[in-house]
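Colleague: What shape does this take:
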Amino acid sequence: MYDLLIRNGLLVTPESTFAADIAISGEKITAVGAPGTFKNAVDEYDAEGKYVLPGLIDPHVHMAHPYQGELSADDFQTTTTAAAHGGVTTLIDFAIQWDKSKALAETIELRRRQILGQAVVDFGLHAVPTKSTEETLHAVAKARPLGVPSFKIYMVYRQQGRMVDDAVLSGLLAEMRQHDGLLMVHAENVSIAEFNQEAFLSKGHTGAAYFSRHKPNLVEAEAVNRALYFNRMADSQLYIVHLSTREGLELLKHAQGNGESAYAETCTHYLALTEDVYERPDGHHFICSPPLRSQADVDALWSAVTDGSISIISSDHCGFDLRQKNLGNGNFSKTPNGLPGVETRLPVIYTEGVHKGRITLNRLVAVTSTNVAKTFGLFPRKGIIQPGSDADLIVLDIEKEHTLETQQLHCASGWTPYAGMKLRGFAQTTILRGRFVVRDNVLVVDKGCGIYLPRC
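Modeller: Residues are numbered from 1 along each chain as shown. Okay, here's the model as predicted:
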């Protein structure tokens with residue numbers, strides 16, 4: 001007897017869509033077969049007329065992120081609860097070396113303990129070094145036994161103490177090659193950004209519109225070019241986070257065309273919003289780095305998602321509430337960067353991508369689940385519906401259209417940049433390792449059911 005049968009759904013993989021039943025025993029998928037194949041289960045779920053997808057994986061989420069002595073409103077429990085309602089069964093957070101007196105391995109372990117017992121979905125960690133010393137290079141080998149093969153570094157935020165220099169960037173790429181790891185890079189030219197910021201502020205140009213102007217496309221593209229060059233010299237693996245510009249994209253495509261191991265994600269907001277929002281009275285709410293761009297950039301990014309140049313769409317969720325977003329008091333340089341989005345990634349990408357004919361539903365599965373699992377050492381445990389894989393599944397309703405309102409959501413930040421958008425493709429049910437987390441839009445678990453995932 002099976003523990004759970006998902007009946008009558010349309011199963012979606014990156015390659016195909018077909019009617020199937022899914023049999024689950026314990027935490028694993030036991031079998032996939034034609035409708036009516038399996039008998040006798042402790043519990044059944046009828047997915048008639050709905051699509052069944054592998055649980056989504058969000059590889060770029062900032063939970064309880066610090067700013068000016070406080071943490072973002074979305075903590076570990078609320079962020080993962082919102083994730084579950086958004087069809088996300090696994091997310092990857094960041095162990096940032098805020099305390100430089102602590103070794104990076106200690107930072108990783110501390111972050112793991114903070115999240116464990118709070119998370120509603122499974123989670124992993126990226127290591128984020130902040131020290132431009134040889135110690136950072138040695139940390140790559142020490143993070144491996146902790147299940148952390150991916151490091152993220154900042155080429156910007158020098159004044160916040162987050163940036164590492166080009167010597168460490170280059171050295172980390174060499175270490176990643178030796179240890180079969182992946183270096184993630186936030187690519188922005190720090191000198192140009194800082195120069196422009198000071199120039200604008202000195203003239204009293206503090207509004208949100210000047211935020212995007214102080215980081216024009218050049219700021220990203222130059223840093224992407226530099227990171228790609230270092231990667232080429234090291235013959236390593238590079239992953240550009242939140243790619244936002246057509247210029248940066250062209251550099252990436254050139255590297256990929258030369259056979260280099262260069263990958264990129266973009267984010268929901270770079271595919272659905274433009275820099276025009278910075279002209280609004282509430283424009284400062286939309287401040288994120290890199291900034292939102294032009295419609296031409298949006299169109300280029302969608303083309304890259306379609307052709308595979310961009311292989312992943314993340315949320316880059318960072319859930320500051322509106323009180324926190326207002327801390328800058330009209331000064332873009334003092335406004336916390338980041339947008340909430342872990343819960344809305346699926347319906348926004350479905351609506352803007354699949355419903356509008358830019359991508360197929362199969363491609364959506366690839367860029368939000370399967371490719372993520374393969375890139376970050378979780379495949380085939382996660383990201384695919386097949387026997388032996390974790391029974392991480394979502395039931396997707398594409399028929400109902402909702403005008404998105406904040407009160408529909410479950411994050412503690414209390415607002416969404418997509419308010420007022422008419423959206424389809426909401427997750428109706430989310431199953432984590434064979435267990436209902438959200439059943440017919442109702443959370444049915446307590447905090448702590450998510451586990452830490454060491455990655456290879």
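Colleague: Going by C-alpha atoms from here, please, whenever you check contacts or count neighbours.
Modeller: Noted.
Colleague: Report the contact partners of the closest residue to Val277 other than its chain neighbours.
Modeller: Leaving aside its sequence neighbours, Val277 sits nearest to Gly283 (C-alpha to C-alpha, 6 or more residues apart in numbering; 5.5 Å). Remark: with contacts taken as C-alpha atoms under 8 Å, 6 or more residues apart in numbering, Gly283 is in contact with Ala208, Ala209, Val277.
Colleague: how about these in a markdown table, adding pLDDT, neighbour count and secondary structure?
Modeller: Listed next are the contacts of Gly283 as a markdown table, based on pLDDT from 0 to 100; neighbours: other C-alpha atoms under 10 Å; DSSP: H, G, I helix; E, B strand; the rest coil:
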| residue | pLDDT | neighbour count | secondary structure |
| --- | --- | --- | --- |
| Ala208 | 98 | 25 | helix |
| Ala209 | 97 | 19 | helix |
| Val277 | 98 | 19 | helix |
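Colleague: sorry, back to before: state the distance from the residue nearest to Val277 to Tyr210.
Modeller: Taking C-alpha to C-alpha, to the nearest Å as the measure, Gly283 falls 11 Å from Tyr210.
Colleague: ditto for Gly49
Modeller: Taking C-alpha to C-alpha as the measure, Gly49 falls 48 Å from Tyr210.
Colleague: Leu423 too?
Modeller: Leu423 sits 30 Å away from Tyr210, going by C-alpha to C-alpha.
Colleague: Torsion angles phi and psi at Trp415?
Modeller: phi -160, psi 170 (degrees, to the nearest 10).
Colleague: which ones are touching it?
Modeller: The neighbourhood of Trp415, defined by C-alpha under 8 Å, 6+ apart, consists of Asp321, Leu322, Pro340, Thr406.
Colleague: from those, which single one is nearest Ser289?
Modeller: For those, the minimum distance to Ser289 (C-alpha to C-alpha) is 13.0 Å, reached by Pro340.
Colleague: Name all residues that make contact with the closest one.
Modeller: When contacts are counted by C-alpha under 8 Å, 6+ apart, Pro340 touches Ser315, Asp316, His317, Cys318, Gly319, Phe320, Cys411, Ser413, Trp415, Thr416, Pro417.
Colleague: Closest one of these to Asn362?
Modeller: Each of the contacts of Pro340 was checked against Asn362 using C-alpha to C-alpha; the closest is Ser315, at 18.9 Å.
Colleague: shouldn't His380 be in contact with Val372?
Modeller: Rather than His, residue 380 is Pro. No. Pro380 is not in contact with Val372 according to C-alpha atoms under 8 Å; the separation is 10.9 Å.
Colleague: So between those two, which is more surrounded?
Modeller: Higher neighbour count among Pro380 and Val372: Val372, with 25 against 16, using other C-alpha atoms under 10 Å.
Colleague: Now the more buried one: which helix or strand?
Modeller: Secondary structure here is read from DSSP states H and E; on that basis Val372 sits in helix 371-375.
Colleague: how far out from the middle of the chain is that helix?
Modeller: Its chain's C-alpha centre lies 12 Å from the corresponding centre of helix 371-375 when counted by C-alpha atoms, centre = their mean, to the nearest Å.
Colleague: circling back: of Gly49 and Tyr210, who's got more company?
Modeller: Between Gly49 and Tyr210, counted using other C-alpha under 10 Å, Tyr210 has the larger neighbour count: 20 against 15.
Colleague: hang on, that one is in a strand, isn't it?
Modeller: No. Tyr210 sits outside any strand when classified using DSSP: H, G, I helix; E, B strand; the rest coil, being helix.
Colleague: measure it to Pro216 for me?
Modeller: Distance, Tyr210 to Pro216, by C-alpha to C-alpha: 10 Å.
Colleague: I'd assumed Asn189 was in contact with Glu222.
Modeller: Yes. Contact status for Glu222 versus Asn189: in contact at 6.5 Å, counting by C-alpha under 8 Å.
Colleague: residue ranges of the helices in the stretch 1-150 of the chain, please?
Modeller: Under the criterion DSSP state H, counting those that start in this stretch, the stretch 1-150 of the chain contains helices at 76-85, 104-115, 134-143.
Colleague: and Ser244, which of those is closest to it?
Modeller: Each of the helices of the stretch 1-150 of the chain was checked against Ser244 via C-alpha to C-alpha, and the shortest separation belongs to helix 76-85, namely 23.1 Å.
Colleague: any idea of the mean pLDDT in that closest one?
Modeller: Averaged across helix 76-85, pLDDT comes to 98.
Colleague: likewise stretch 419-431?
Modeller: Looking at stretch 419-431 alone, the average pLDDT works out to 98.
Colleague: repeat for stretch 2-14
Modeller: 98.
Colleague: So what's the gap between that stretch and the chain middle?
Modeller: With C-alpha atoms, centre = their mean as the basis, stretch 2-14 stands 25 Å off its chain's centre.
Colleague: Dump the C-alpha coordinates for it into CSV.
Modeller: Presented in CSV, the C-alpha positions along stretch 2-14 are these (Å, rounded to 0.1, in the frame of the first residue of the first chain):
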residue,chain,number,x,y,z
TYR,A,2,1.3,3.5,-0.9
ASP,A,3,1.3,6.3,1.5
LEU,A,4,-0.1,8.8,-1.0
LEU,A,5,-1.4,8.8,-4.6
ILE,A,6,-1.6,11.9,-6.7
ARG,A,7,-4.3,11.0,-9.3
ASN,A,8,-5.4,12.4,-12.6
GLY,A,9,-3.0,15.2,-13.0
LEU,A,10,-1.0,16.4,-16.0
LEU,A,11,2.6,15.8,-15.1
VAL,A,12,5.1,18.4,-16.4
THR,A,13,8.8,17.8,-16.9
PRO,A,14,11.3,20.0,-18.8
